[in-house]
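S.K.: Below are the sequence and a predicted model for it; my questions follow.
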Amino acid sequence: MQKTALPVKKALKPRRCKSCGNSFQPISSMSKACSVPCALDLVRQANARKEARAKREERAATRVAKEKLKTRREWIAEAQVVVNKVARLRDILAGHGCISCDIKLNPRFGGAFDAGHFRSVGSAPHLRFFLPNLALQCKKCNRDRGGMHSDFRKGLINRSGLERVEQIEAMQGTAKWSVEYLQRLKKAMSQA
Ligand SMILES: [Zn+2]
Ligand SMILES: [Zn+2]
């Protein structure tokens, strides 16, 4: 007589509770915890992991946003370097000295000159790249003497005329450059 193979329900093997580590008899293949308190503990652990992951992701997003910001600031700084250089060269080639004290460039101390802003970058950021607002200025005047504003103004009037200076003084605007604009500006000014 042939044996009929009865479908034998396999008893699940005992397993370790994922919360307390004790061995227990699972009621289904999905069972992970030995008891309700241990099951609740596993839910709490899972929620904590989820929260930690969300926080990590949020921190990463903040970091990316900061880096974007930093990149734009860096582009502004790099564009400013080339714009300043163009302003200095323009005035040196024209034979000008410092806009505010008129001291002349000594070729042996070539590095002693800055490009000064007539309207400062702090108070008129929209004019930071505007060449008519920039002039060759000795480091002493630009840095130690606070920009020598009234002498700067006199010097600029001598060069460009009162009307032009008043125009610059009246200029309003915003200073919101895109990274693309700053890259183009830097490239164009590097070729000037
Ligand atoms: Zn347990
Ligand atoms: Zn000077």
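M.R.: All right, it came through fine. Residues are numbered from 1 along each chain as shown. Ligands and ions are numbered 1, 2, ... in the order given.

S.K.: alpha carbons only for contacts and neighbour counts from here, please
M.R.: OK.

S.K.: Would you check the distance separating the lowest-mean-pLDDT helix or strand in the chain from the middle of the chain?
M.R.: When the helices and strands of the chain are compared on mean pLDDT, DSSP states H and E, helix 139 comes out lowest with a mean of 88. Mean-position distance between helix 139 and its chain equals 28 Å (Cα atoms, centre = their mean, to the nearest Å).

S.K.: How about stretch 77-97?
M.R.: Distance of stretch 77-97 from its chain centroid, counting by Cα atoms, centre = their mean, is 26 Å.

S.K.: How about that stretch and ligand 2, touching?
M.R.: No - between stretch 77-97 and ligand 2, judged by Cα under 5 Å from the ion, nothing touches; the nearest distance is 8.0 Å.

S.K.: Alpha carbons only: can I get that stretch in CSV?
M.R.: C-alpha atoms of stretch 77-97 as CSV (Å, rounded to 0.1, in the frame of the first residue of the first chain):
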residue,chain,number,x,y,z
ALA,A,77,35.0,87.3,-5.1
GLU,A,78,36.7,85.9,-8.3
ALA,A,79,34.8,88.3,-10.6
GLN,A,80,35.7,91.2,-8.3
VAL,A,81,39.4,90.3,-8.6
VAL,A,82,39.4,90.6,-12.4
VAL,A,83,37.1,93.7,-12.4
ASN,A,84,39.5,95.4,-10.0
LYS,A,85,42.5,94.5,-12.1
VAL,A,86,40.8,96.0,-15.2
ALA,A,87,40.1,99.2,-13.3
ARG,A,88,43.7,99.4,-12.1
LEU,A,89,45.1,98.8,-15.5
ARG,A,90,42.8,101.3,-17.1
ASP,A,91,44.0,104.0,-14.7
ILE,A,92,47.7,103.0,-14.9
LEU,A,93,47.6,103.0,-18.7
ALA,A,94,46.0,106.5,-18.5
GLY,A,95,48.9,107.6,-16.3
HIS,A,96,46.8,108.2,-13.2
GLY,A,97,47.9,108.0,-9.7
